[in-house]
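>>> Whatever this is, show me its structure:
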Amino acid sequence: MDDDVFVLSDMTVEVHEFPSGPVIGFNGTVEWALDSVEQERALWLPDERQLRERLGGTFMALHRAHGVFVVDVVVGERPTSVAAEDAAEAYGLALLFLITGDAPPRFTRGVGAASGTRDAVAGTQAPSDG
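Residues are numbered from 1 along each chain as shown. Modelled structure (predicted):
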């Protein structure tokens, strides 16, 4: 089961402190075999709405360009676009940019000899004068 991924949504959980460390308990899950999991083994994967909320006032738009999802954010007066094949991934990359300040990665799709490589929208845009 170490390689299995379980998605839990809209569940009430309680963190229990044990000598071995924090354990997340899933209360009221009589139909599940999963009663608890060590906190260190749990990973929160936010959905699109949660990621968009965390972008806050920097979020300008989500749109499609060149067959990918693009999230536009503005930090200070610096507009930046981040692209990914999945909208949630684009939101996540934009949030990572806000947290780290590192330039977003350039998006490439179709890497391989048969399909070639195609750059899509990504990176920092220069501010317009108009």
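
>>> which regions of this structure sit below the pLDDT cut-off?
Within the chain, the segments meeting pLDDT under 70 span 1-2, 5-11, 27-34, 107-130.

>>> all strands in it, in order from the N-terminus.
13-18, 21-26, 36-38, 59-65, 68-75, 78-84, 108-109, 118-119, 123-124 (DSSP state E).

>>> Can you add distance to Gly92 and give the ones you listed back as a markdown table?
The C-beta positions use only the backbone N, C-alpha and C, and glycine is treated the same way. Putting the strands of the chain into a markdown table (distance: least, Cβ to Cβ, whole Å) gives the following:
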| stretch | distance to Gly92 |
| --- | --- |
| strand 13-18 | 22 |
| strand 21-26 | 22 |
| strand 36-38 | 23 |
| strand 59-65 | 12 |
| strand 68-75 | 9 |
| strand 78-84 | 8 |
| strand 108-109 | 17 |
| strand 118-119 | 20 |
| strand 123-124 | 17 |
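
>>> Okay, and the beta partners of Phe18?
Gly21 (DSSP bridges).

>>> Could you chop the protein up by domain?
Domain segmentation of the chain under automatic domain parsing yields 1-45, 48-124.

>>> In CSV: the strands of the chain, plus mean neighbour count and distance to Arg52.
As requested, the strands of the chain are exported to CSV (neighbours: other Cβ atoms under 10 Å; distance: least, Cβ to Cβ, whole Å):
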stretch, mean neighbour count, distance to Arg52
strand 13-18, 11, 23
strand 21-26, 14, 25
strand 36-38, 15, 27
strand 59-65, 14, 6
strand 68-75, 20, 9
strand 78-84, 21, 13
strand 108-109, 14, 23
strand 118-119, 12, 25
strand 123-124, 14, 21
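
>>> Cool, thanks, signing off.
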